[in-house]
Structure formats: C-alpha cells, structure tokens
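1. Quick one, fold the following:
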Amino acid sequence: MVREAQENDPTVLVLRRSYTAPRERVFRAWTDPEQISLWLRPTPEIKIERAESDPRVGGAYKITYLVPNDPDPKIIEGEYVEFDRPARLAFTWVWRPPHEYAGELTQVTVELTERDGQTDLVLTHERFPAEAMRDHHAWGWTGAIDALDEHLQGVGDE
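-> This is a model prediction of the structure:
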C-alpha cells in the first residue's frame, strides 16, 4: 500500500492498494451493507453495529461504530455523488456528534482498475479543513483497506 499524504496540501489524502480479486467483487464490498459491516473499520476492536447503504447517485449511507470503552456510538454518514459500477464511486463523508470531527463535510473517491487478475484501488479523501483531521483519517483508512484485503480473501466467488 502506498500512502500519499499531500505534504503541500493538508486537505487531501491518497491511498493506493492492489487486491487479488475481481473489480466487481471489490466494488460490491464498498456498496453492500453486509460486506461493509465486515471490514470498513480502522481496527478489529472497533465494531460496526449497523451499516446502511443505498448505492446510487443521491442515495445515502450510514455506518454506526462501537468503540471499546466509549459509551457513545460513532456515526458516519453521507451521500453517493458518483456511481460508475465497477470503476468509480464517490461519496460525501461527515461524522455526527459527538465525534471530534462532527459536521466537517469531506469527500471520498474510490477508483478501481482491473489489471492482470488484480484490482488496483486509488482512494482519495479530500476537503479536510486541517492536516490533523487528514492524518487521523489516514490512520483509519489504512486499517480499513487492510481489513478489506482480508475480507476479499475470505469471500468466495458469487
């Protein structure tokens, strides 16, 4: 995996990763709530209580996280703004209170390219208001896309 925190632009984070899985399978893992529940978290200790997804332009998603030793669930939600199956997906990303970054609207773009039986992913998360928020999300996304790799290895052909 390659992380490209833009040193000269604290508003953008770019992560690259390759998966040994067909592009359609990787795309489905990003949009199917049952699959999202299995991998889209920074660490295994953080659990997803519920994932909802209406994968289409204008459709919404919502993910509720349970963090150990924290009584308040963490909720992320947004709207799909691009949906080009299985190549590209873009969605807004906003935390709800009481998360420390609640209300800060950012955008995530996932680009998938199939190459020699693998799928190359480029994840761009942008519009961060501060470098600290970008770096916090870099940690989270790094764990999540590692977990996606483990998830894809465990998913059979459908």
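2. these two touch, right, Gln107 and Leu89?
-> No. Contact between Gln107 and Leu89 fails when scored by Cβ atoms under 8 Å: they sit 11.2 Å apart. For the C-beta atoms, the positions are set from N, CA and C on the backbone; glycine is no exception.
3. of these two, who's got more company?
-> More neighbours surround Leu89 than the other of Gln107 and Leu89, with 21 against 18 (other Cβ atoms under 10 Å).
4. Contacts only, for the more buried one.
-> 27, 30-31, 55, 80, 82-83, 109-110 (Cβ atoms under 8 Å, 6 or more residues apart in numbering).
5. Quick one, which of those are buried?
-> Among the contacts of Leu89, those buried by neighbour count (16 or more other Cβ atoms under 10 Å) are 27, 30-31, 55, 80, 83, 109-110.
6. Just the ones in helices from these, please.
-> With DSSP state H as the criterion, helices contain 27, 30-31 from among those.
7. and of those residues, the nearest to Trp93?
-> When those are compared for distance to Trp93 (Cβ to Cβ), Trp30 wins out at 12.8 Å.
8. which residues sit in contact with that closest one?
-> 36, 89, 110.
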